[in-house]
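> Show me the folded form of this:
(2 chains)
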Amino acid sequence: MKIQFILNGMPAETEAPQDKTLLNVLRENFGLTGTKEGCNVGECGACSVLIDGRLVNSCLTLAAQASGHNIVTIEGVHLPDGSPNDLQQAFIEYGAVQCGFCTPGMVLAGEALLAQNPQPTRQDIRTAIAGNLCRCTGYQQIVDAIQSTAQNRQEKKGHA
Amino acid sequence: MGQYEYNRAASVSEAVVLLNEPGLKSRALAGGTDILLQLRHDPRYCDRLVDISQIPELHRIELKDGWVHIGAAATFNEVLNSPIIKATARVLEQACITVGAVQIRNMGTLGGNVVNAAACADSLPALICLDAVAHFLTSAGEQLLPVTQFVSAPNKTLLPSGALLTSLRYPVPTSGCRSAFIKLGRRNAMAISRLTVAALGCLDEQNRIVEARLVTGSATPHIERLTVVEQSLIGKQPSAELFHSAAKITVDEMIRLAGYRWSSEYKVPALTAMTERVLTQVFIWDEVQ
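Just a heads-up that it's a prediction; the model follows:
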């Protein structure tokens, strides 16, 4: 069937079987391999994407369900010149990336949180990334990166 | 062509027509967090998914004639963020907060949790504590059943084939009523419940319990209000001793209804503590808040 959506800000269209997951359509039809397949049962969060701003597991979403909606993958998160945005930069600076497999999902979980709650507590951050498993960092660095980004964005807003 | 087909329904009536189309085994798709996994394990589970998740009416949460109506496709996040739910059913808000993590709460729906009918479903004890009623549409018209009857056994409901669960409704609890929900899982997020307990109640001016409801989850095969426990509380003043004796009755009920099982060694002390805690939260609120 024909799948049409806004993908990272641009209209996108493809043909896919009706039972193909959004995860596989993103990776195979669009070559967007930043979205990872981890557990493929909705527990690890490596496949997280934003649909209309809501964080979901793309392994448990059919591409057909996403048709007509606004999808953001990790490839859609960057500065206008293509370089890492402030949250991604903070992940680098705080050592929040080791093997990197969970990172796309973590960044999107962080962005979903900050869009909704610009001044999160540490507990809010932990709750927001509870559906994203990381086996390397022990999470502290990830929480630090999101927290410092939140603070920097607030300060910038204060100056503006 | 894939293993199964996908159809998006634009309205409730279209969904019922699609679900009843002869020659195809169709099932409703709401959040997909259970059914897509089910289809991977059992390819013959159905031939077609009818997507009901994009019907606006099924996401509506409203207060009408003393009842709160929750559209069956409202997600856990939509339910727990609703001011109507926060104001009338803390027990349901707390139950929805304990489901999975952000992603699952953005996808999974209250109706899906009820129809999937897992013995460990987090929303069921809360809904049954609220005396919620399941409304469903068949090709013959609308029907309704209390959730405690609708969910007849673990993984079984009385939803007729081809019917669509459209809403869950509960009467607004009497003003002054408080409610609470406690879940015990292996960790805070993404945990399947080991035990849950939901309670609701209120006190009169003499500080006596005039209404009490208590429901456990993951404890008994059928989820129902434990009326023996409720009756043991009525007319009494809240106290640690009263709640301890109510907790003992709760545990006796669990064993009467489920038998003494391999997990009872663990569940007996756990349920005792959880029951005491939930009753304290409901009836001695200020100390907890």
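
> Residue of the stretch 151-289 of chain B closest to chain A, please.
Here the stretch 151-289 of chain B gets closest to chain A at one residue, B:Ala189, 3.3 Å apart by C-beta to the nearest C-beta. Quick note: C-beta positions are derived from backbone N, CA and C, even for glycine.

> So that residue, which state does it fall into?
coil (DSSP: H, G, I helix; E, B strand; the rest coil).

> ok now do it, which residues does it touch?
Residues near B:Ala189 by C-beta atoms under 8 Å, 6 or more residues apart in numbering or on different chains: A:Thr127, A:Ala130, A:Gly131, B:Gly100, B:Ala101.

> ok, 10 Å please
Counting by C-beta atoms under 10 Å, 6 or more residues apart in numbering or on different chains, B:Ala189 touches A:43, A:126-127, A:129-133, B:98-102, B:104.

> and what of B:Thr75?
Counted by C-beta under 10 Å, 6+ apart, B:Thr75 has contacts A:54, A:56, B:30-31, B:53, B:59, B:81, B:96, B:99, B:104-112.

> low pLDDT regions in chain A?
For chain A, the stretches flagged by pLDDT under 70 are A:160.

> quick one: A:Asn5 and A:Asn70 touch, right?
I think there's a mix-up here, since residue A:5 is Phe and not Asn. Yes - using C-beta atoms under 10 Å, A:Phe5 is in contact with A:Asn70, at 6.9 Å.

> and for these two, which residues touch both?
With C-beta under 10 Å, 6+ apart, A:Phe5 and A:Asn70 have common neighbours A:Ile51.

> rewinding a little: tell me which entries of the contacts of B:Ala189 lie within helices.
Judged by DSSP state H, helices contain the following of those: A:Arg126, A:Thr127, B:Val102, B:Ile104.

> So the third one versus chain A, what's the distance?
Per C-beta to the nearest C-beta, to the nearest Å, B:Val102 is found 5 Å from chain A.

> so who does that residue touch?
A:45, A:48, A:54-57, A:109, A:112-113, A:116, A:127-132, B:76-77, B:189.

> residue ranges for the strands of chain A, please.
A:2-7, A:10-15, A:48-51, A:54-57, A:70-72 (DSSP state E).

> so what strands line up beside the fourth one?
Same thing as strand A:54-57. Sheet pairing for strand A:54-57, assigned by DSSP bridges, gives strand A:48-51 (antiparallel).

> Quick check: residues of the stretch 51-200 of chain B near chain A?
B:51, B:53-54, B:75, B:77, B:97, B:100-108, B:187-191 (C-beta under 10 Å from any C-beta of the partner chain).

> One more pass at 6 Å, please.
B:Asp51, B:Ala101, B:Val102, B:Gln103, B:Asn106, B:Met107, B:Ala189, B:Met190 (C-beta under 6 Å from any C-beta of the partner chain).

> could you redo these as CSV and give each row distance to B:Pro269?
Output for these, formatted as CSV (distance: C-beta to C-beta, whole Å):
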residue, distance to B:Pro269
B:Asp51, 45
B:Ala101, 28
B:Val102, 32
B:Gln103, 33
B:Asn106, 35
B:Met107, 35
B:Ala189, 24
B:Met190, 25
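
> which of those tops the neighbour count?
Counting neighbours by other C-beta atoms under 10 Å in any protein chain shown, the top entry in those is B:Gln103, with 33 neighbours.

> Distance check, the most centrally placed residue in chain B against B:Asn116.
The geometric centre of chain B, computed from its C-alpha atoms, lies nearest to B:Leu124 (C-alpha atoms, centre = their mean), at 2.1 Å. Distance check for B:Leu124 against B:Asn116: by C-beta to C-beta, to the nearest Å, it reads 10 Å.

> same question, A:Gly38
A:Gly38 is 23 Å from B:Asn116, by C-beta to C-beta.

> pLDDT score for the closest residue to chain A within the stretch 51-200 of chain B?
Here the residue of the stretch 51-200 of chain B nearest chain A is B:Ala101; by C-beta to the nearest C-beta that distance is 2.8 Å. Here the pLDDT value assigned to B:Ala101 is 94.

> hang on, it packs against A:Gly131?
Yes - using C-beta atoms under 6 Å, B:Ala101 is in contact with A:Gly131, at 2.8 Å.

> Now do the contacts for A:Gln65.
A:Gln65 is in contact with B:Asp51, counting by C-beta atoms under 6 Å, 6 or more residues apart in numbering or on different chains.

> so where's chain B uncertain?
Chain B contains residues with pLDDT under 70 at B:1, B:285-289.

> rerun that using 50 as the cut-off
For chain B, the stretches flagged by pLDDT under 50 are B:287-289.
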